[in-house]
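Engineer: what's the 3D shape of this:
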Amino acid sequence: MKRLIILLGLTLSLTVIAETVPLEPSWKTKARSLVISVMGEKWGIQFFGPVPTPPEPDIALPAIPKELKKATDVKSYTKLQKDLTEYDRLPVERRRQFDLKFLQEIFLVTRRVDASEDELSSWLNTLDQGGSREGVYQALVLDEVYAGLESKEEKSTDRLLDFSLKFSQRFLNQTFKKESIASLNLYSLKRIMAEKSMDLLEFYEVNNLEDLYKWYAVFSFELAKDYGPLLKNQLRQDQRFDYHLMWAKNMPIQHIKSEFIIKLHMVMNGLQLLN
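Structural biologist: Down below sits the predicted model:
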């Protein structure tokens, strides 16, 4: 029962559990506090040194290729295999509940409308039969409904454009001019940013899974730090890099990709609504 309770929240609520390693002996901490309380901070530091601070986590992005070119070598399409995660070992019905939650969210952030019961049922069957979350997303942004949304005359806000430029340069190693994307509306920008990101994640999936985890963790950490309120979820707003890194390492690749897509769209939607 205890194991099941822990597994229930894996999709978004995997808690990073780590032993707390003391930064200095407890006697030294107590002695410094005592001296500071009696003689002042200057003497406490002089006798016992400054209060130690935990080291900053390594949050540098992995190497990002300037251009992603499709190679003709078959090996370039062979993705690295990840061991089964705890999520993979969940009962089918429990995984189905998580898939349903994903479908509800992906429809909402992609099209900004709720999915119908028929749509949810149809796509849930697709996932049951081995379809991928990435495939569901690609189908949603390449159909006639989304094409209609992209044709809307809805000018992107400056905040959305600035975010798109910042994101593409920071996380995709691609530089665009503001005037070159100013004619695109929200839906076109979301699709383009997500598609380019999926190409990069696929590159990591073929070459180095650790780079994929780290890229996702840096993205999630910085998004939570800079745009937390737009994420509307306490777990997505978590500003611990290590939390996002450990989450990625413990989840299937498809879940990492789908969570990235949802976060990206959620923030871009929010920026479009801000004046």
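Engineer: Where does pLDDT dip in the protein?
Structural biologist: Residues of the chain that meet the criterion pLDDT under 70 lie in 1-21, 53-58, 69-77, 275.
Engineer: any idea how it splits into domains?
Structural biologist: Per automatic domain parsing, the structural domains of the chain span 2-13+22-48, 74-273.
Engineer: can I get those domains in CSV with mean neighbour count and distance to Pro65?
Structural biologist: Every residue, glycine included, has its C-beta placed from N, CA and C. Output for the domains of the chain, formatted as CSV (neighbours: other C-beta atoms under 10 Å; distance: least, C-beta to C-beta, whole Å):
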stretch, mean neighbour count, distance to Pro65
domain 2-13+22-48, 13, 30
domain 74-273, 17, 7
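Engineer: how near is the residue nearest to Tyr187 when sequence neighbours are not counted to Leu186?
Structural biologist: Using C-beta to C-beta, 6 or more residues apart in numbering and skipping residues adjacent in sequence, the residue nearest Tyr187 is Leu149, 4.3 Å away. Leu149 is 8 Å from Leu186, where distance means C-beta to C-beta, to the nearest Å.
Engineer: Likewise for Ala139?
Structural biologist: Distance from Ala139 to Leu186, counting by C-beta to C-beta: 19 Å.
Engineer: The residue nearest to Tyr187 contacts Val113, doesn't it?
Structural biologist: No. Between Leu149 and Val113 there is no contact under C-beta atoms under 8 Å: 9.7 Å.
Engineer: Next up, phi/psi of Ala63, please.
Structural biologist: Note on Ala63: backbone dihedrals following degrees, to the nearest 10 are phi -60, psi 130.
Engineer: and it, how many residues sit next to it?
Structural biologist: Ala63 has 11 neighbours, counted by other C-beta atoms under 10 Å.
Engineer: Pretty sure it sits against Glu210.
Structural biologist: No. Using C-beta under 8 Å as the test, Ala63 is too far from Glu210 to be in contact (11.7 Å).
Engineer: now what about stretch 92-112, what contacts it?
Structural biologist: If you take C-beta atoms under 8 Å, 6 or more residues apart in numbering as the criterion, stretch 92-112 is touched by 7-8, 10-11, 87, 90, 113-115, 119-120, 123-124, 127-128, 133, 136-137, 140-141, 145-146, 149, 190, 258, 261-262, 265-266, 269.
Engineer: Only alpha carbons, please: show that stretch as CSV.
Structural biologist: C-alpha atoms of stretch 92-112 as CSV (Å, rounded to 0.1, in the frame of the first residue of the first chain):
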residue,chain,number,x,y,z
VAL,A,92,-2.8,-0.5,-16.6
GLU,A,93,-5.8,1.3,-15.1
ARG,A,94,-3.6,3.7,-13.1
ARG,A,95,-1.5,4.5,-16.1
ARG,A,96,-4.7,5.1,-18.0
GLN,A,97,-5.8,7.7,-15.5
PHE,A,98,-2.5,9.6,-16.0
ASP,A,99,-3.0,9.4,-19.8
LEU,A,100,-6.5,10.8,-19.4
LYS,A,101,-5.1,13.7,-17.4
PHE,A,102,-2.4,14.3,-20.1
LEU,A,103,-5.1,14.4,-22.8
GLN,A,104,-7.2,16.9,-20.9
GLU,A,105,-4.2,19.2,-20.4
ILE,A,106,-2.7,18.9,-23.9
PHE,A,107,-6.0,19.8,-25.5
LEU,A,108,-6.5,22.8,-23.2
VAL,A,109,-3.0,24.3,-23.5
THR,A,110,-2.8,23.6,-27.3
ARG,A,111,-6.2,24.8,-28.5
ARG,A,112,-7.3,26.7,-25.3
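Engineer: which SS state does the residue lying closest to Gly270 once chain neighbours are set aside fall under?
Structural biologist: Setting aside the residues directly before and after it, Gly270 is nearest to Leu230 in space (C-beta to C-beta, 6+ apart), at 3.5 Å. Put simply, Leu230 is helix when judged by DSSP: H, G, I helix; E, B strand; the rest coil.
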